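Asks: A structural model of the following input is requested.
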Amino acid sequence: MMESNFLKQLFQQEFTKIVAVISKGFGLQYIEIAEDIVSETFLLATESWQTKGLPPNPTAWLYTVAKQKTLSHFRRNKIFEDKVIPEIHQKQIAVDHSDEFSFTQENIKDSQLKMLFAICTPAIASEAQIGLALRILCGFGIEEIAEAFLSNKETINKRLFRAKEKLRTEKIQLELPSEKEIVQRLDNVLHIIYLLFNEGYYSKTQNQILRKDLCIEALRLALMLSAYEKTNVPKTNALIALICFHSSRFDARHSTDGEFILYEQQNEKLWNQKLINQGVYFLNQSADGDQLTSYHIEAKIAQCHCTKADTAEKWGEILQLYDRLLLVNYSPGAVLNRTFALYKAKGAKRALVEAKKLNLSDNHFYFALLGELYKDIDRQKAIANFQRAQALAKNSLEQETIQRKIDML
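Replies: Model prediction:
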């Protein structure tokens with residue numbers, strides 16, 4: 001019997017590639033048809049493979065069937081002859097013999113890169129861009145996307161439908177923008193990848209703090225950008241370094257029974273040295289040029305966390321980096337992290353002065369930080385703040401982690 005996990009993984013990997021190639025060959029206006037064709041292809045694969053067994057090359061089987069279904073669909077609906085062929089002739093392309101509709105690795109990567117820039121058009125709202133990226137570029141199902149947004153299938157379907165309508169009405173082309181536009185739109189593309197990684201690294205869904213699959217997809221998309229000359233720029237490399245450093249501690253963040261492990265208690269031997277080395281490589285690559293982005297600074301902070309030593313010097317460096325980050329890209333999260341670094345470098349009393357100025361009343365991280373700062377100063381205040389943090393936490397693993405801190409007081 002064919003394992004469902006294998007088919008799900010194959011779907012997630014190949015769905016995005018096939019949709020991108022079909023959309024590149026026939027146009028973004030047919031993106032929903034492309035999705036339907038891929039879904040039908042996988043349905044046929046499930047039925048066929050369960051009775052006949054896996055073919056020698058499942059991926060090649062999918063590409064062949066998807067191509068046959070695509071050409072059959074367009075011909076059957078006379079779209080091919082009446083609309084597509086005239087346009088293709090204008091481009092002097094013969095689709096049956098064109099690289100535009102082939103599943104070579106080069107064409108797949110080219111199609112996905114163009115799809116990434118198409119999705120990140122300013123015509124579509126940021127939240128919808130993330131949804132489309134999860135669906136079209138990462139192969140996630142509607143239910144998974146709804147869970148990621150703490151929403152429902154109906155809302156996500158409507159949001160994705162409106163986003164795809166925008167692609168049609170704005171006549172967004174599946175092609176790389178001009179060099180000037182690439183520079184302008186790259187920031188948006190990197191931001192979407194950054195948000196995608198953050199959703200995975202600190203996920204509110206499925207009662208998990210870590211969604212490794214989302215993080216892997218974010219890294220894959222970022223690496224795809226680094227393979228293209230015009231997008232292989234310092235800030236792209238800085239983002240890759242940031243993702244690598246954080247990802248290196250995946251296996252140390254959870255125990256075998258799923259319990260979340262805080263940084264201080266992590267087993268350093270479980271950190272992935274290969275990813276750390278890869279992060280160092282891309283961080284060095286990002287130093288080319290004179291532009292300093294928040295990705296550069298966050299990557300350097302993440303690199304510091306890849307050294308387990310709990311010294312004042314280490315936290316002093318992290319504190320200075322957060323001071324720089326706040327000048328480049330201010331955010332409440334960065335302020336909280338800076339305050340924690342101040343605590344580790346200068347002590348709880350010094351950090352409390354800064355923390356009390358923040359008053360982030362709806363942020364459970366803020367109250368967890370206050371609980372940490374008060375633990376050796378005022379036990380009752382520490383407990384009260386930890387309890388407030390526990391009440392605001394939306395994830396059961398977080399609540400359990402906070403409870404363990406309360407139990408230790």
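
Asks: In this structure, what residue spans correspond to strands?
Replies: Per DSSP state E, the chain carries no strands over any range.

Asks: Flag the shaky bits of it, pLDDT-wise.
Replies: Scanning the chain for pLDDT under 70 picks out 1-4, 77-101, 150, 203-210, 258.

Asks: Of all residues in the chain, which one is nearest the centre?
Replies: Centroid-nearest residue in the chain, with C-alpha atoms, centre = their mean: Leu196, separated by 2.5 Å.

Asks: Verify the stated contact: that one with Arg220.
Replies: No: contact status for Leu196 versus Arg220: not in contact, 10.3 Å apart, counting by C-beta atoms under 8 Å. C-betas here are computed from N, CA, C, even on glycine.

Asks: For the residue lying closest to Leu270 once chain neighbours are set aside, give me its contacts.
Replies: Take Leu270 and drop its neighbours on the chain: the residue closest to it by C-beta to C-beta, 6 or more residues apart in numbering is Ala252, 3.9 Å away. Neighbouring residues of Ala252 by C-beta atoms under 8 Å, 6 or more residues apart in numbering: Ile261, Gln266, Asn267, Glu268, Leu270, Trp271.

Asks: let's see it at 6 Å
Replies: Gln266, Asn267, Leu270, Trp271 (C-beta atoms under 6 Å, 6 or more residues apart in numbering).

Asks: Check the gap between Gly53 and Phe6 for me.
Replies: 12 Å (C-beta to C-beta, to the nearest Å).

Asks: so the residue nearest to the centre of the chain makes contact with Ile216?
Replies: No: look at Leu196 against Ile216 with C-beta atoms under 6 Å: they stay out of range, at 10.4 Å.

Asks: can you list contacts of stretch 108-115?
Replies: In contact with stretch 108-115 (C-beta under 6 Å, 6+ apart) are residues Lys17, Ala20, Val21, Lys24, Leu174, Glu175, Leu176, Met224, Tyr228.

Asks: Can you report how many residues neighbour the fourth one?
Replies: Same thing as Lys24. Lys24 has 25 neighbours, counted by other C-beta atoms under 10 Å.

Asks: Count the neighbours of the closest residue to it other than its chain neighbours for me.
Replies: Leaving aside its chain neighbours, Lys24 sits nearest to Ser111 (4.1 Å; criterion: C-beta to C-beta, 6+ apart). By other C-beta under 10 Å, 25 other residues sit near Ser111.

Asks: Check the gap between Ser111 and Gln390 for me.
Replies: Distance of Ser111 to Gln390, computed by C-beta to C-beta: 47 Å.

Asks: and what of Ala218?
Replies: Taking C-beta to C-beta, one finds Ala218 at 29 Å from Gln390.

Asks: Neighbour count for these two, which is higher?
Replies: Remark: of Ala218 and Gln390, Ala218 carries more neighbours, 26 against 20, as counted by other C-beta under 10 Å.

Asks: pretty sure the more buried one is touching Ile192, no?
Replies: No: in this structure, Ala218 is not within contact of Ile192 by C-beta under 6 Å, at 9.1 Å.
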